[in-house]
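> Model the structure of this input:
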Amino acid sequence: MTTKFETAPDDVIISTPIARPASHPVVDADAPPPAHAPLVCRLAESQSAAWVDEDSIEAWSQLGGDRVVLLAGDPVRFPQGLDVAAVLPELRKCADKPFELAVVPRASEDRIAKRYGANHWPTLLFLREGKYVTTIGGMHDWQPYLSAVNAALQMPTSRAPTVGIPVVGAGASTTSSCH
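Take a look at the predicted model:
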């Protein structure tokens, strides 16, 4: 495609070629958005990160050792999720202890976040031997991030900070006194 600007006969005519860069493929405006951001897919492909959802995360986490799950979030609303996907392989390389990686499909992220009490996007969810350890929310500067990952890898397992089930004593009224 060429854009031409023409003026009076005595003026110069400017002709500038305009082309889409090769790194930006043509996008079909009517096509559905991709299910996963390319950086998240690349993490799964190049780092052998497993795809886990609400049905498979427990079995995957019980395979042993330390395990880290990326909940990247919507890349439009939470672009830091892409940053975390980009630095996660380096964090794994530099961490004091080895850990396995997993990523969660967008469709399952909210259910897994709720299950493990994660309330920040993006989130790294740490699991060990099938049990919850902790989460690290957001993107951080390198040294504080690496320190937080190393601290998480040293923490004991604990109960996930999820919303509990309300307990009502025997014989207690289930109606509210608030009107």
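> could you say what helices and strands the longest helix belonging to the chain packs with?
Assignment by DSSP state H gives helix 80-94 as the longest helix of the chain. Helices and strands touching helix 80-94, by 3 or more Cβ pairs under 8 Å, 6 or more residues apart in numbering; DSSP states H and E, are helix 38-46, strand 66-71, strand 100-103, helix 142-154. For the C-beta atoms, the positions are set from N, CA and C on the backbone; glycine is no exception.
> let's see 7 Å
Under the contact criterion of 3 or more Cβ pairs under 7 Å, 6 or more residues apart in numbering; DSSP states H and E, helix 80-94 touches helix 38-46, strand 66-71, helix 142-154.
> surely S108 meets D53?
Yes: applying Cβ atoms under 7 Å, one finds S108 in contact with D53, separated by 3.9 Å.
> that older thread, most tightly surrounded among the helices and strands packed on helix 80-94?
strand 66-71 (a mean of 23; mean count of other Cβ atoms under 10 Å).
> Show the contacting residues for the most centrally placed residue in the chain.
Nearest to the geometric centre of the chain sits A72, at 1.2 Å (Cα atoms, centre = their mean). Listed by Cβ atoms under 7 Å, 6 or more residues apart in numbering, the contact set of A72 reads 37, 40, 81, 84-85, 122.
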